[in-house]
Structures are given as C-alpha cells and as structure tokens.
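[1] heads up, no residue letters with this:
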C-alpha cells in the first residue's frame, strides 16, 4: 500500500483520482471508498493527500498523471468551482488533451438522478448558477466548459448510488 508520505516522495502517479464535493462526501462515502482502494493496493488520490502549501494547480497535474478518474456527482457538487474545474480537466484528459494520458473516466451519481444533472434542476442547478454568478472574468466560457463536462459525464456508462 502506498501512503500519503510515500506518494509525495516517490515519482509514482496516482492510479485513481477521486473528484468529489468534500463538504458533502469527505467524511462518509469517499472516506470508505478511498480506504477500500488503498487497502486493495490501489494508489488513489484525494485532495487531502496534497502537501500543505502546494498550489491548487497541483490537482490538475495529478489528474494528468492518473489512469482512472472517479467523478462523484452529488447534489452539492456544483457549489464548488474547483470541482467543476477539475471535471473540465478530467474531460480534457479523457480525450487525450495536452499533457494527458488517455484517462478512463467513471462517473458516479451519488443520490442524484441523471435527469437532474441533464436539466440542471433542483439544488444541483441552483448551485451551478450561483457559482457562475461569482466574480472572476470569463463567465460565459466557464459555464460553457462546465456544462460540456457535465454533459460528457452523462454520455458515459456510469455508476448510480441511490443510498439504498
């Protein structure tokens, strides 16, 4: 098993990058998934694996180095601009974007209907609109990229966890 400290000291890229809304999933679903992957000898990466002081752009480099990305979409996912930006990078890397390997992407819809994502309804849609309204130039291009990445997730074979 690769530990956080050995991960940061060894030039080994992660096998699995986990993209998720931390506030909603870090202490439950993702913590169990991450632990199970690590115990199975799979080098999984979540944002808390970053070395304190690392720049957030490091996350994009980690996505580029990964073999698989799990994009866990949940009702609060779109409340985070960083989740959305990571998702855009994941989409780019899945189509051999610059600096990327051919990333395999597995969307997971966590207690979230795909129709809500498709129609941008409910809390999911409201959160996306609120993040889009935040200041920070290039609003139009951001929403176009985010929507393309969300639509890309809908076009893939996905896992659905409904909580039962």
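    Alright, I've got the coordinates. Not measured: the values here are computed from a predicted model.

[2] what pLDDT does residue 5 get?
    Among the per-residue scores, residue 5 shows a pLDDT of 38.

[3] likewise residue 70?
    Per the predicted model, pLDDT is 98 at residue 70.

[4] please, which helix or strand holds it?
    strand 68-73 (DSSP states H and E).

[5] I'd like to check which residues are in contact with the residue nearest the centre of the chain.
    With distances taken as Cα atoms, centre = their mean, residue 19 lies nearest the centre of the chain, 2.2 Å away. Listed by Cβ atoms under 8 Å, 6 or more residues apart in numbering, the contact set of residue 19 reads 69, 70, 71, 72, 83, 86, 87, 90. Every C-beta, even on glycine, is put in place using the N, C-alpha and C of the backbone.

[6] quick one: it from residue 135, how far?
    If you measure residue 19 against residue 135 using Cβ to Cβ, to the nearest Å, the figure is 24 Å.

[7] which parts of the protein are helices?
    Assigned by DSSP state H, the helices in the chain fall at 4-9, 22-25, 29-39, 58-65, 81-94, 114-119, 122-133, 139-154.
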